[in-house]
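> predicted model follows, preceded by the sequence.
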Amino acid sequence: MSYYFTILSPTDTPIFNIAFGTSKGGGDGIARFRFPDTAQYMNQFIIHSSLDILEEAQWTNGGMYLKHIDTYPPAAAYISAFLTPSGARFLLLHQPPQLPTSGSSSVLGGSSLLGSSGSTTRASSSSVAANPTSPQTEEAVRQFMNEVYESYVKTAMSPFYKQGMEIRSPVFRTKITAAGKKWL
Amino acid sequence: MAAPPRHVSMLSISNSNSNSNAGTPQSTSSEKPQTPQPPSTPQPTSGLRVPSNRKTIYDRHLNRSRNAESSRASFAYLFAEMVAYAQRRVKGIQDLEKKLNEQGYPLGLRLLDLLFYRSTSTSSSALSSSSTSSSPPNRPLRILPLLHLIHGPLWRLLFQRSADALEHSVSPDTPNEYMITDNDPLVNTYISVPRELNMLNCAAFIAGVIEGVCDGCGFEAKVSAHNQPTEMWPSRTVFLLRFGDSVMEREKVLERAGVK
Amino acid sequence: MSATKASRIGEEIWKTRIDKVNAELVTLTYGTIVAQLCQDYNSDYQEVNKQLEKMGHNIGMRLIEDFLAKSGVGRCANFRETADMIAKVGFKIFLNVAPTVTNWTSDNNQFSLIFDENPLADFVELPDDGRAQDELWFSNILCGVLRGALEMVQMQIEAHFVSDVLRGDDTTEMRVSLVRYIEDEMPPEEE
């Protein structure tokens, strides 16, 4: 599984981004997006195109963790969301590795037209490392989001941090990387 | 077909690690992976030094000072200096109240996050009176739960007690107005206001905090503080919350949809 | 009076005679003040330090009365006793911390206060602008408070921070020097 995690301010400014790969099921923590050349652009595009759905979900579900909210089939990308009460949005894009299973083959058929290539995985299809919508994954993402939230609140509590400011602290980045490693 | 060459993936990692070139398409070419990346943004290597124990704000538990106490006098001295400083930089009471409001606003955003963090991280929730509740709290979707959040948990975090009253405007012309009353606001009790400012209500600062909380939760509102003394409570203050039209519209939609 | 006795007095007063508030309210209010100053003075941190010291001086001049009334302590016999009184009674009853008094010079005119805890700085990370950590003394208001308070009891002192964990130092240390006793002035009348 490859992950792209971003924090958007309440006015949709990206204030933090990170890409990483799964560490579960023997993963090496390195992101391997299907279209590495355009991954960064595509990931941001996909995340932004899920914002309408997020805004709808925001007013029907009062939880902070909204779970899996959107799927972008052309890139087999799944989006999970967490909303802080003060309006920042944590969005996690997961892209499973291409599996030779029937469930995802139609999706892959679309993407291979764009020149994508196959890869294999050691993980089983229900595990966090492979299945973005399994209950295990939802729970793992919840844990990840909660840890990010803790670090985010610590950032936001500093009197010098203003809402919408880019989070540049390398310590913050380290914490998020560690949370990814621990749960995803 | 083979998996994409590993170095390409690596490059895409290092790109996405520099986090401020959001929205910029990458120009990496897989044919020439050896080409160094254009430094769209230099990797922000923080200049912040840390003590040798490497402790930063991220290592300090957010609940550490949860029950810590300080003196009311220190708060009063600091708050009085804040007011005096603001006063020197504005003309008139209205400006001054606006300035105090603006200083309270970001605090409201911070306190909101802190409140929710604390209620998710501990079994005795800061957002409910029940000490057995362990499920994470909900973000307020409707006005009423938002007001309860302010009247109860926010007030308790700041002043160690709930506010004294919560009312809805009875006038049919102003259904968007709500009042939260504090009979004896801390910010007024210990602050002696200069005579020429006797109309000033320092609770404008708290009004700003409330406004930050409302806005943070997605309820655009204007909040102001008003002196409404009674014989028993000479510094009684009413916080008037006026929600914007968009909030009232959404309120109707959510009501129809059965959202509580 | 010994340091331990001063500690006991401080504890006792804190427990019995002090109105309390949530410490975070104090922390957040102070943070708001400093952030506002930095904004208003366009991150001219030297100027911010100066303004904070001035605010502190203002506070100190008023706070001393409160201190004397609550503590009921009399005149200190010497500067060493004054130091303990500041650290173990003054800081205790106003901020609920008791910094360590140390690093005396041989003439007993200079000492350091080491703050293991500094409630003013909780939650704070200085701006990562390449200057704040070299120029801003976040808690500088405390220097002013000491100067203002001691001035009212006929002591001219000078106080400044020499290190701060917010700057990446291992300790937060304030250096306090006695300049002179102001003997030619009457104490201010109360009320």
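Perfect, I can see it now.

> OK, contacts around whichever residue of chain A sits closest to chain B?
Residue of chain A nearest chain B, by C-beta to the nearest C-beta: residue A:62 (3.2 Å). (C-beta placed from N, C-alpha, C; glycine too.) Applying C-beta atoms under 8 Å, 6 or more residues apart in numbering or on different chains, we find residue A:62 in contact with B:138, B:139, B:140, B:141.

> residues touching the spatially closest residue to the third one that is not a sequence neighbour, list them.
When you say that, I think you mean residue B:140. Once flanking residues are discounted, residue B:140 sits nearest to residue B:146: 3.9 Å by C-beta to C-beta, 6 or more residues apart in numbering or on different chains. Contacts here follow C-beta under 8 Å, 6+ apart; on that basis residue B:146 touches B:140, B:213, B:214, B:217, B:219.

> between the residues you listed, which is nearest residue B:80?
residue B:213 (24.1 Å; C-beta to C-beta).

> strands along chain B, start to end?
B:69-71, B:165-168, B:177-182, B:221-227, B:237-243 (DSSP state E).

> which residue packs closest to residue B:148, ignoring adjacent ones?
residue B:166 (7.5 Å).

> cool, residue C:168 as well?
Residue C:168's closest residue in space is residue B:49 (C-beta to C-beta, 6+ apart), at 2.6 Å.

> contacts only, for the nearest residue to residue C:155 once chain neighbours are set aside.
Ranked by C-beta to C-beta, 6+ apart and with sequence neighbours excluded, the top spatial neighbour of residue C:155 is residue C:181, at 5.9 Å. Going by C-beta under 8 Å, 6+ apart, residue C:181 touches C:154, C:155, C:156.

> filter the residues you listed down to the buried ones, PyMOL style.
Typed into PyMOL, the line below selects the buried ones among the contacts of residue C:181, using 16 or more other C-beta atoms under 10 Å in any protein chain shown:
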select buried, chain C and resi 155
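
> the contacts of residue A:62 into CSV, with extra columns for pLDDT and neighbour count?
Shown next, in CSV, are these (pLDDT from 0 to 100; neighbours: other C-beta atoms under 10 Å in any protein chain shown):
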residue, pLDDT, neighbour count
B:138, 87, 16
B:139, 93, 24
B:140, 95, 21
B:141, 95, 22
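
> and those, which is closest to chain A?
For the contacts of residue A:62, the nearest to chain A is residue B:138 (3.2 Å; C-beta to the nearest C-beta).

> if I look at the residue nearest to residue B:148, how far off is residue B:175?
15 Å (C-beta to C-beta, to the nearest Å).

> okay, the residue of chain A most remote from its centre: pLDDT?
What lies farthest from the middle of chain A is residue A:159; by C-alpha atoms, centre = their mean that is 28.7 Å. On pLDDT, residue A:159 comes in at 97.

> that one - that's part of a helix, no?
No: per DSSP: H, G, I helix; E, B strand; the rest coil, residue A:159 lies outside any helix segment and is coil.

> what is residue A:6 paired to in the beta sheet?
Beta-bridge partners recorded for residue A:6 (DSSP bridges): residue A:17, residue A:91.

> if we can go back for a sec, which residue comes closest to the residue of chain A closest to chain B once chain neighbours are left out?
residue B:138 is the one closest to residue A:62 (C-beta to C-beta, 6+ apart), at 3.2 Å.

> does that neighbour touch residue B:149 like I think?
No: with contacts counted by C-beta atoms under 8 Å, residue B:138 stays clear of residue B:149, the gap being 9.9 Å.

> which among the contacts of residue B:146 gets closest to chain C?
residue B:213 (13.6 Å).

> is it true that that closest one touches residue B:112?
Yes: the pair residue B:213 / residue B:112 is scored as a contact, 5.1 Å apart, by C-beta under 8 Å.

> okay, and the common contacts of these two?
residue B:154.

> who has more neighbours out of residue B:166 and residue B:175?
residue B:166 (18 against 13; other C-beta atoms under 10 Å in any protein chain shown).

> what sits opposite that one in the beta ladder?
Here residue B:166, judged by DSSP bridges, has bridge partners residue B:180.
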